[in-house]
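Peer 1: Make a model of this:
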Amino acid sequence: MGLKLGITYYTSMDRSLVRFYAGIKSEITRKTYESDLKRFLRFVKIKDAGGLLQLKDSYLQELVEDYTIFLKNKGLRYNSVNCAVSALETFFFMNDKILNFKKTRKMMPEKLKLLGGKAWETDDIKRMLESTTSLRNRAIIHLVASTGCRKGAVIGLKIRNVSEMPDGCKAILFYEGSKEEYTGFLTPEATKVLDLYLGERKRDGELLKPDSPLFRNKYSLGIGKVKPISYAGLKGMMGEIIGKIRGKGDGKRHEISSFHGFRKRFNTILKNNKEINLAIGEKLMGHSSKLIPLDTIYHTPSKEILFEEFCKAIPDLVIDSGERERAKRIKAEQKVDEMKEKQKEIDYMKEQIKGLYDLMKK
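Peer 2: Modelled structure (predicted):
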């Protein structure tokens, strides 16, 4: 009898993989570790993962060490080698093979100074949008620019995770049903592009359902089998677009990470806006705020409150200069309306006070 795990079925002959996958909580980590395990199997020339468990621990230790040194000599950096080693450590641990991974990690490359900590500038994102004619690609770029979401948050999005908000905006529910679940928002500019993309899919014959992926893989006919964009597809798409605006590299690491550069920009815009509540800004980032004790448990602002704070950042989040001026004009008009309402309240209070004063004089 087969065992169902996610969307893959494993027979009783594959218990080593069942345990391996059961020990990994994140879907993206699962895919990454799965690729790393397959590469190790090719390196040691063993067909099945279960075959590894038939080897003596001392020989397995040598194989893992040789593989680590091989990756290091290939020029892979610390993070890449660490991920490969972590995948093997998980596999063997979940299958009761306790190897000396502390020694193995001593053989890994030296940690280098972290780069990729800078943010994309608005002009950079504008050039990205201009470099592609694909509505899907443009919609994804607008989404990550407007929400600052992580790369992995894009993969699992479904049509039902999108809802309408006032002033031409949309709400996006990330990581639905998980403990990481949080709400982000699209600017009117980003909303327009997403609507155009979904409209294109409808015209191509696709029947959009609540469970349909928000972003699908490339297709020739909309009525074809719908597949969500994959992690590799998303990474490749963004790499291709960013490659166009960067030009041919010199082999050096870049100071702006492909996806995290969007998140860094979003976070910077929120933090630099003194009108935005700091704790709610953390919620919009999908962070559990550490600024206030027990904030994650007791501070659960409504979608409307989150949206109110998000709107304060719209003029700085939009990409097109025309849209930016429009957003600034709307914000200025809203401030004028707020001032008028406050003045009405003040005038009303003055009338009430005057009425009471006149009554006392009689």
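Peer 1: C-alpha only now, for contacts and for neighbours.
Peer 2: Will do.
Peer 1: In the protein, which residue is most central in space?
Peer 2: residue 150 (1.8 Å; CA atoms, centre = their mean).
Peer 1: can you pull the contacts of it?
Peer 2: 144, 259, 260, 263 (CA atoms under 8 Å, 6 or more residues apart in numbering).
Peer 1: could you dump these to TSV with distance to residue 117, pLDDT and neighbour count?
Peer 2: Converted to TSV, the contacts of residue 150 look like this (distance: CA to CA, whole Å; pLDDT from 0 to 100; neighbours: other CA atoms under 10 Å):
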residue	distance to residue 117	pLDDT	neighbour count
144	17	97	23
259	11	88	22
260	8	88	20
263	10	94	24
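Peer 1: Tell me which entries of those residues lie within helices.
Peer 2: 144, 260, 263 (DSSP state H).
Peer 1: For residue 65, state which of those is nearest.
Peer 2: Set against residue 65, the nearest of the ones in helices among the contacts of residue 150 by CA to CA is residue 260 (32.1 Å).
Peer 1: gap between the closest residue to the closest one other than its chain neighbours and residue 63?
Peer 2: Once flanking residues are discounted, residue 260 sits nearest to residue 150: 7.1 Å by CA to CA, 6 or more residues apart in numbering. Using CA to CA, to the nearest Å, one gets 35 Å for the distance from residue 150 to residue 63.
Peer 1: likewise residue 224?
Peer 2: 44 Å.
Peer 1: hang on, isn't residue 118 packed against residue 262?
Peer 2: No: Residue 118 is beyond contact range of residue 262, at 9.4 Å (criterion: CA atoms under 8 Å).
Peer 1: These two: which is more packed in?
Peer 2: residue 262 (29 against 16; other CA atoms under 10 Å).
Peer 1: and the more buried one, what is it in contact with?
Peer 2: 119, 120, 144, 145, 148.
Peer 1: Of the residues you listed, which pair is most distant in space?
Peer 2: So, those by CA to CA: farthest apart are 119 and 144, at 12.6 Å.
Peer 1: Buried residues of stretch 97-108, list them for me.
Peer 2: Across stretch 97-108, burial judged by 16 or more other CA atoms under 10 Å covers 97, 99, 101, 104, 105, 108.
Peer 1: before we move on, what about stretch 154-162?
Peer 2: In stretch 154-162, counting by 16+ other CA under 10 Å, buried: 154, 155, 156, 157, 158, 159, 161, 162.
Peer 1: Over to stretch 302-311?
Peer 2: 306, 307, 309, 310, 311.
Peer 1: Over to stretch 71-88?
Peer 2: Result for stretch 71-88 [16+ other CA under 10 Å]: buried residues 71, 72, 77, 78, 80, 81, 82, 84, 85, 86, 87, 88.
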